[in-house]
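Asker: one predicted model, sequence on top.
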Amino acid sequence: MTPRLALLLTPVLLVLSNIFMTYAWYGHLKDFKAKPLWIAVLASWLVAFLEYCLQVPANRIGFQQAGFTLAQLKIMQEVVTMCVFAGFAVFYMGERLTMNFLYAGLCMVAAVYFMFRDFRPAG
């Protein structure tokens, strides 16, 4: 795999994995609220397994082939998580986002800037 493809594939896999993980963590609050806790835990665990099938390759590709550092992978993951969570909260759970969510997002943008300002891609 070329470093350029690895640069693109890493965030795509992280977005897909985060969709599964966000549902695993929060989807049971809507879909399994009337079920016993053990069913919600089991269902969430099965969904989280799918998340790991995407997240582990994303981090491996990003680290070994794209040249991201661990810290860069982590902040990328957090930004993806916030974006996926925002969509999930609004469109799936029917929640409203507040200005505090926007402020937190702006802080994360600053974190991304500092983590990536010296980034030199592999290749």
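Answerer: Structure's in. What do you need?
Asker: just the helices from the protein, written as ranges.
Answerer: 3-22, 28-31, 37-61, 70-87, 99-116 (DSSP state H).
Asker: mind giving me the packing neighbours of the third one?
Answerer: Going back to what we said before, that points to helix 37-61. Judged by 3 or more Cβ pairs under 8 Å, 6 or more residues apart in numbering; DSSP states H and E, helix 37-61 is in contact with helix 3-22, helix 28-31. (Each C-beta comes from the backbone N, C-alpha and C, glycine too.)
Asker: to Gly87, which of these lies closest?
Answerer: Counting by Cβ to Cβ, Gly87 lies closest to helix 3-22 out of the helices and strands packed on helix 37-61; the figure is 8.7 Å.
Asker: and the closest one, how far from the chain's centre?
Answerer: Centroid separation between helix 3-22 and its chain, computed with Cα atoms, centre = their mean, to the nearest Å, is 8 Å.
Asker: with stretch 73-90 instead?
Answerer: 5 Å.
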